[in-house]
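Visitor: Quick one: sequence plus predicted model below, questions after.
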Amino acid sequence: MRELNLLPLVFLSTVLASVVPDTQVVLSDALPPIRDAVNELPSLLQSGLNEAGAKVHKWIHDGKTFVQEHGLLYELIQHSHFSDYQLRITEPTLCDPSVKQYSGYLDITDDKHLFFWFFEARNSPEDAPVVMWLNGGPGCSSSTGLLFELGPCRIADNGTSTTPNPHSWNTDANIIFLDQPVDVGYSYVEDGSTVNTSPVAGKDVHAFLQLFFSRFSEYASLPFHLAAESYGGTYAPNIASVIYDENKKVPLTTSSDATDALVRINLASVMLGNGMTDNYIQMASIPDYLCDGPYPIYDDPEGPQCQALRAKVPTCQSLAKSCYDWNSRFVCVPAALYCNSQLYGPIQQSGLNPYDARRSCDPTTDGPLCYREMGWIETYLNQPDVKAALGVNPQRNFESCNMAINQAFMLQGDSMHNTPALLPPLINDGVRLLVYAGNADMMCNYIGNERWLEALETNFHDEFATAPTEQWITLEGKVAGTVRSSTGGGFGAGNITFVTIHEAGSDMLTRWIADIPLA
């Protein structure tokens, strides 16, 4: 792991601690860019501001606002249309020092704070699309996706370092990792309240994108892809729906000198990986996967265990249908509790990794989530120098997954709502949908993912229902899974596409964002 120079930050904290709180001071021609400011600002404050006896929290230089908190220096981004939100950013050089990075927080009023980490594309960032990645859980940090799955680096050496990931999604895309809802990962809440429903997330993520793109306008007009996995299959449609609706309120043309203009986010697609999206259909697929799938956990598909499991489906679907019809916590919570305990129960009791049926899981050695790397990530992200580089309060503790948030969403019945109903208006208006699933994932299996996509009522329904399943062959000529797609008569990657993945997820992303057919 590269060595970080923290002395300028420590010195800056010492200097700023000597002056009056809540004072905004304008320092003309005094503040260079963030990365240089920590080296030049301390001496200036010591000679120019200490004698005033005022503590500086905020100051302005060259039209930009800067703030110091917990001994850490940020640029502060605000927007006249989003008075309850502000963005604090810093510029780390961790994980992939070869690319431009930003990290920090979206502050929502004075209570809630969402952490983000942005990486520019390795190749042609000025033309590469922007991807936002959300992990699921609910309650799991997107840093697990960053450091364990698709990010620019991978956790290594029991959490003491990272190694470069040559297959990172930021090879050909600018990518934002966002920890949401609050109290997930580095995100936090100060008043004790929490977020426990997916619709609330949409408004906050839209505000984040508006502030981010207003500051970094070079990315604002690029295609934007919203990507998520697992419970993100519920998050992402809610967020995409808010972005789509809010885009309608933005004028098609805006004055070039309008500094407070809203951004029309160029929503190109929604990407759901092994997502939990339509539990009415997906829960019913669990017996089929566990009894007849590629990695069955029972020897006899017609035996008593499989018969008992299938017998749970009608009750689960009846409860889920009531949730879809009434959209009330009073019917959605019983649906979630019954379906999860009766249909997910055998998976959790199988002794196998729920996310990879090919592997066993021993919580004593693999950790509670069956991947010891999750513990390594916590070790790495709780290092003081890593926190300082990312703009995180050194006193804040990082957890890969927050089980209290998971339970809070469960007790709202959030997962049982009719999430797919949010998607047809977007898809019919040109927003593409990619659903992909690894064939060894038991929790959100590929059978259920394909079935809910088949049932989705869009302008492309009939074409997708009759579309053949073809081999997905990578650009290197390797068979990596299967693909099924409706193209609306076009020649691209599809308006609705379903992919079963065996490997080579980076090839899938490259072709999808470039709108190149996967078959």
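Guide: Arrived safely, thanks for sending.
Visitor: what's around Ala261, how many residues?
Guide: 19 (other C-beta atoms under 10 Å). No exception for glycine: its C-beta is placed from N, CA and C like everyone else's.
Visitor: gap between it and Ser80?
Guide: To Ser80, Ala261 is 10 Å away according to C-beta to C-beta, to the nearest Å.
Visitor: low-scoring stretches of the stretch 151-300 of the chain, by residue?
Guide: Applying pLDDT under 70 to the stretch 151-300 of the chain flags the ranges 192-193, 253-259.
Visitor: and if we set it to 80?
Guide: Where the stretch 151-300 of the chain drops to pLDDT under 80, the residues are 182, 191-197, 200, 252-260.
Visitor: mind listing the helices for it?
Guide: 198-215, 232-247, 279-282, 286-292 (DSSP state H, counting those that start in this stretch).
Visitor: which one of the ones you listed lies closest to Ala404?
Guide: Nearest to Ala404 among the helices of the stretch 151-300 of the chain is helix 198-215; the distance by C-beta to C-beta comes to 16.5 Å.
Visitor: buried ones in the closest one?
Guide: The neighbour-count check on helix 198-215 (16 or more other C-beta atoms under 10 Å) flags 198-199, 201-215 as buried.
Visitor: go on, stretch 103-112?
Guide: So stretch 103-112, judged by 16+ other C-beta under 10 Å, has buried residues Ser103, Gly104, Tyr105, Leu106, Asp107, Ile108, Lys112.
Visitor: Let me have the residues you listed in CSV, adding distance to Thr497 and secondary structure as columns.
Guide: Shown next, in CSV, are the buried residues of stretch 103-112 (distance: C-beta to C-beta, whole Å; DSSP: H, G, I helix; E, B strand; the rest coil):
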residue, distance to Thr497, secondary structure
Ser103, 32, strand
Gly104, 34, strand
Tyr105, 35, strand
Leu106, 31, strand
Asp107, 37, strand
Ile108, 34, strand
Lys112, 35, strand
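Visitor: Nearest to Asn247, out of these: which one, please.
Guide: Distances from Asn247 to the buried residues of stretch 103-112, taken by C-beta to C-beta, are shortest for Leu106, at 19.4 Å.
Visitor: check contacts around the closest one.
Guide: Listed by C-beta atoms under 8 Å, 6 or more residues apart in numbering, the contact set of Leu106 reads Tyr85, Gln86, Leu87, His113, Leu114, Phe116, Asp204, Ala207, Phe208, Leu211.
Visitor: Now do the same contact list for Glu378.
Guide: Gly159, Phe398, Glu399, Ser400.
Visitor: again, 6 Å this time
Guide: Contact analysis of Glu378 by C-beta atoms under 6 Å, 6 or more residues apart in numbering lists Phe398, Ser400.
Visitor: And what about it, helix, strand or coil?
Guide: helix (DSSP: H, G, I helix; E, B strand; the rest coil).
Visitor: right, so of the helices of the stretch 151-300 of the chain, which gets closest to Asn327?
Guide: Of these, the one closest to Asn327 (C-beta to C-beta) turns out to be helix 198-215, at 10.7 Å.
Visitor: just to revisit the earlier point, wait, which of the helices of the stretch 151-300 of the chain is closest to Ala493?
Guide: Among the helices of the stretch 151-300 of the chain, helix 232-247 comes nearest to Ala493, with 17.6 Å by C-beta to C-beta.
Visitor: how distant is the closest one from the center of its chain?
Guide: Chain-centre distance of helix 232-247: 12 Å, with C-alpha atoms, centre = their mean, to the nearest Å.
Visitor: same for that helix, what does it pack against?
Guide: Under the contact definition 3 or more C-beta pairs under 6 Å, 6 or more residues apart in numbering; DSSP states H and E, helix 232-247 sits against helix 198-215, strand 224-229, strand 267-273.
Visitor: which residues are contacting the longest one?
Guide: Outside helix 198-215, the residues within contact range by C-beta under 6 Å, 6+ apart are 77, 79, 82, 85, 87, 106, 180-181, 220, 234-235, 238-239, 242-243, 246, 263, 265, 414.
Visitor: who does the residue most central in space within the chain bridge with?
Guide: Geometric centre of the chain, nearest residue: Leu134, 1.3 Å, by C-alpha atoms, centre = their mean. Counting by DSSP bridges, Leu134 is bridged to Ala228.
Visitor: Would you confirm that it contacts Gly232?
Guide: Yes. The criterion here is C-beta atoms under 6 Å, and Leu134 meets it with Gly232 at 4.5 Å.
Visitor: Count the neighbours of Met410 for me.
Guide: Met410: 18 neighbours (other C-beta under 10 Å).
Visitor: now do Asp414
Guide: Residue neighbour count, defined by other C-beta under 10 Å, stands at 24 for Asp414.
Visitor: I figured it was touching Val195, is that so?
Guide: No. Using C-beta under 6 Å, Asp414 is not in contact with Val195; the gap is 10.1 Å.
Visitor: Could you report the distance from Cys401 to Gly375?
Guide: Separation of Cys401 from Gly375 (C-beta to C-beta) stands at 11 Å.
Visitor: and those two? which has more neighbours close in?
Guide: Counted by other C-beta under 10 Å, Cys401 and Gly375 do not tie: Cys401 has more neighbours, with 20 against 17.
Visitor: helix, strand or coil for Gln471?
Guide: Here Gln471 is strand, with the state taken from three-state DSSP.
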